[in-house]
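S.K.: Pasting the sequence and the predicted coordinates here, then a few questions.
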Amino acid sequence: MRATKHAAPQSNRRRGLVMGIPLALVAVGVLVCLAFALLPRGGGGTGAAEPAAVASAAATEPSAPPGTGVPADPTPSAAPPSVTSPSPAATGTPSPSASRTPQPSTPVATSTRATPSPSAATGGAGAAPATASLAGRIKPGTSYQGVATSYDAADGNGACSFGPSGDLMIAAMNHTDYESSRACGAAVLVRAANGASITVRIVNECPLPCAPGQLDLSHEAFAKLADLSVGRLPVTWTVLSPGAAPDTMSIRYKTGSSQWWCGIQVIGHRNPVAALEVRTAGGWRQLSRTDYNYFLSPDGSGCGGPIRVTDVYGEQLTVDGIAVKPDVAQPTRVQFARH
């Protein structure tokens, strides 16, 4: 009897243990479900990554100005091809049919007075050179003191590359005041202490040791002031804007000029030339000046196109229709004003 009474309770305890395990698992499952249900929506890794990717993409796209569907001013290229590349396909110059073929009509020219803007001093394309720097070392209306010497001018040609001259009332400017050919073509009134005076045109350079202020006159010009035996003659001189000047100035392209490279020279100008610019795809481009008085476009940009010339007084003359014809002086029908 004791064995039977003790067997029943032991069986009930085992049954309770077996049934308690599934109930515990069910409770854990319920708790897990409640935990997932309480998590914020979209908190999973995949759901968060998509909005972040969209935001990143939106940040990299430029927004259009209000009221427009596309940007108003697309970003330009880094630099005009005509400036950075000598390649014929990348110069941005007009095609041969558009700019290299001479037109039967006379070149068109316009004249304007340059008004320097705040940007002019930076040398930007299209800006007129600053007035303070136009004349360089020698300025019109200013009296300079120096000494006059003389040389055999032969046919009148010199460092300014103007060519032979029928008028030998000419002179060579000292190296310092020659200033990389800025003095070329200037009309200079020379006065001696004895009262004699002569007007000469600068066509040459007097190399060192010619001192600042010194003028090396042709024998013919020096003889108008004193006997050649004097050798060295103290003088004062002034740059003029002469009344007697060619009716028009001319443009000449240097030997070897083409649409890929060109040198441009101004001839017969009344006033000294301060700057020369050519029209390119990127606007007006000022060319550098050589000691032999040509303005160079080393990559050909602007060769054969419109040319703008500025004198030391700020007057600008714009000429169109000048074809690339090396060694030919082409008239322009315009001349700088007298001052």
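M.R.: Happy to help now that I have it.
S.K.: Residue 220 falls within a strand, correct?
M.R.: No. The assignment for residue 220 by DSSP: H, G, I helix; E, B strand; the rest coil gives helix, which leaves it out of any strand.
S.K.: heads up, I number from 31, so please use that
M.R.: Sure, I'll start numbering at 31, so the last one becomes residue 250.
S.K.: Figure out the helix or strand that the closest residue to it other than its chain neighbours lives in.
M.R.: Of all residues not flanking residue 250 in the chain, residue 198 sits nearest, at 4.3 Å (Cβ to Cβ, 6 or more residues apart in numbering). C-betas here are computed from N, CA, C, even on glycine. Using DSSP states H and E, residue 198 maps to neither a helix nor a strand.
S.K.: Need the pLDDT of residue 198.
M.R.: Looking at residue 198, its pLDDT stands at 97.
S.K.: List the contacts of it.
M.R.: 183, 186, 248, 250-251 (Cβ atoms under 8 Å, 6 or more residues apart in numbering).
S.K.: Point out where this protein drops to low pLDDT.
M.R.: Judged by pLDDT under 70, the chain has its weakly predicted residues at 31-163.
S.K.: at 50 instead, please
M.R.: 31-48, 70-136, 144-162 (pLDDT under 50).
S.K.: if we can go back for a sec, among the contacts of residue 198, pick out the one closest to residue 265, please.
M.R.: Sorting the contacts of residue 198 by distance to residue 265 puts residue 251 at the head of the list, at 11.1 Å, by Cβ to Cβ.
S.K.: Out of the contacts of residue 198, which is nearest to residue 283?
M.R.: residue 186 (21.6 Å).
S.K.: wait, is the closest one part of a strand?
M.R.: No. Applying three-state DSSP, one finds residue 186 to be coil, outside a strand.
S.K.: Just give the nearest non-adjacent residue to it, would you?
M.R.: residue 195 (3.0 Å).
S.K.: ranges for the helices of this protein?
M.R.: 32-68, 75-90, 111-114, 126-129, 205-208, 249-252 (DSSP state H).
S.K.: other SSEs contacting the fifth one?
M.R.: Under the contact definition 3 or more Cβ pairs under 8 Å, 6 or more residues apart in numbering; DSSP states H and E, helix 205-208 sits against strand 227-236.
S.K.: Quick one: list the elements packing against the strand it packs on.
M.R.: By 3+ Cβ pairs under 8 Å, 6+ apart, strand 227-236 packs against strand 200-204, helix 205-208, strand 217-222, strand 245-248.
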